[in-house]
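Undergrad: this is a predicted model, with the sequence first.
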Amino acid sequence: MMKIQTCGRCLLTLAFLYTHPLSAGEHAHDAAEETGGAEHADAHGHEAGNRVHLNDEQRRLAGIVVETLALKPVPAEIDAPGEIRLNAYASSQVTPRIAAQVTERHARLGDRVSSGQALVTLSSVEMAAAQGELLVTAKEWQRVRKLGRKVVSGKRYLQARIAYQQAKGRLLAYGLSASQIKQLVASNDISRANGRFTLLSPQNGTVIRDDFIIGQMVEPGELLFELTDESTLWVAVRVKPEFISRVTIGAAARVRVDNRWIDAKVIQIHHALDEGTRTLAVRLEIPNPDDRLHPGQFVEARIQTEGLEESALTVPLDAVLRSPDGDWQVFIEEEPGEFVPREVELLRQLPGRVVIAGLKPGTRVVARGAFFVQSELAKSGFEVHNH
């Protein structure tokens, strides 16, 4: 018996021809033309093709609101690149004021610290001498003050008081806080004049730098900690000189970070021209409550200009959705209850709304409930390709 070998592709072709005869396809096409296929709606109220029909009850339950597009004045804006930076007014550095050795660390990089919290303990010969002098002068001043002016001479009284104040002032100059000095005096313990002292945090914030190690000898002014409060940050924006006259202190601005816009405001305008970029720096202040922004990030900034407006078509943010192709689209109402998707171009975002192009004034657009309309259209099994 002869065996016939057939390739897999041939078998698939035969199976397709068997299950999809050409005559059946031709008859189906003829039937669609005779019945006017696109004019028949299914049980969900969808019409064949690139549209969806919703009755009054469906629109009411979905909360669909339609608005008519009209040219309206919107604030003009200046687009400019920017960089997020530390808020220098909410930052501080912790440095020793005398030569000392690091003996103990109390905070690390990334820690959130509070004002007055211990950061690092140091040891210094100079500090030991100053601590001892304070204890001696404090004791003498207490004795003289207790005796009073009637017993001791005015010169001795004044000398004791000045010596005590100078000893306190020296420790304050060395970096001790007033409360630390008060505790030392109250203890009246000579053994505490050992040169050890602790630097405290001057503010609430986050440790963003701590480049030192235990045992390290540090000099006056050497940076041990850098702290900052990142709840607000700065954005350094570069603006061309010809546009700077339109920018004012306090003007509203927006900063785009990771495809989302964050409201900001203009707080400072520099007057010196950058020789490299030939631009002027504008400083924005931006909130950072969720700690998502960090110094060094490059951003896009838009600053509203004073007294200038332009006419544009705008729709609510929720009215604009992604199409199956990944393009932006809105739904327009061609007839009462009949909605069709139309691709649009997003020009820029405003608070709660977006400026669009691609439609004409007078077009009725779904302002609320667009997601429901898109979902109903998707149920019909049609994909949108509006190119």
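TA: Noted; the coordinates are in hand.
Undergrad: now do the phi/psi pair for the residue nearest to Leu69 when sequence neighbours are not counted.
TA: Spatial nearest neighbour of Leu69, excluding adjacent residues (CB to CB, 6 or more residues apart in numbering): Thr363 at 4.7 Å. Backbone N, C-alpha and C define where each C-beta goes, glycine included. The phi/psi pair for Thr363 (degrees, to the nearest 10) reads phi -70, psi 140.
Undergrad: next one: Asn259
TA: Dihedral angles (degrees, to the nearest 10) for Asn259: phi 60, psi 20.
Undergrad: please tell me how far it sits from Asp327.
TA: Separation of Asn259 from Asp327 (CB to CB, to the nearest Å): 16 Å.
Undergrad: out of those two, which sits in the busier spot?
TA: Per other CB atoms under 10 Å, whichever of Asn259 and Asp327 has more neighbours is Asp327, with 16 against 5.
Undergrad: relative to Asn194, how far out is that one?
TA: Asp327 is 73 Å from Asn194, where distance means CB to CB.
Undergrad: Gln166 too?
TA: Counting by CB to CB, the gap from Gln166 to Asn194 is 21 Å.
Undergrad: so Leu134, which of the three states?
TA: With DSSP: H, G, I helix; E, B strand; the rest coil as the basis, Leu134 sits in helix.
Undergrad: I'd like to know how far it sits from Glu310.
TA: For Leu134, the distance to Glu310 - CB to CB - is 69 Å.
Undergrad: those two - which one has more neighbours?
TA: Set side by side, Leu134 and Glu310 show more neighbours around Leu134, with 24 against 12, by other CB under 10 Å.
Undergrad: number of residues surrounding the nearest residue to Leu71 once chain neighbours are set aside?
TA: Residue nearest to Leu71 in three dimensions, not counting chain neighbours: Ser311, with 4.2 Å by CB to CB, 6+ apart. Other residues near Ser311 come to 10 when the count uses other CB under 10 Å.
Undergrad: pretty sure Ser311 is touching Pro73, no?
TA: Yes - Ser311 is in contact with Pro73 according to CB atoms under 8 Å; the separation is 5.8 Å.
Undergrad: surely Leu227 is within a strand?
TA: Yes - under three-state DSSP, Leu227 sits within a strand.
Undergrad: how much space separates it from Lys240?
TA: Leu227 is 36 Å from Lys240, by CB to CB.
Undergrad: these two: which is more packed in?
TA: More crowded of Leu227 and Lys240, by other CB under 10 Å: Leu227, with 25 against 12.
Undergrad: partner residues bridging that one?
TA: Beta bridges link Leu227 to Ser92, Val207 when assigned by DSSP bridges.
Undergrad: could you check the pLDDT of it?
TA: What the model reports as pLDDT for Leu227 is 97.
Undergrad: likewise for Val136?
TA: 95.
Undergrad: what's the spacing between the residue lying closest to it once chain neighbours are set aside and Arg353?
TA: What sits nearest to Val136 in space, not counting adjacent residues and going by CB to CB, 6+ apart, is Ala167, at 7.9 Å. Distance, Ala167 to Arg353, by CB to CB: 66 Å.
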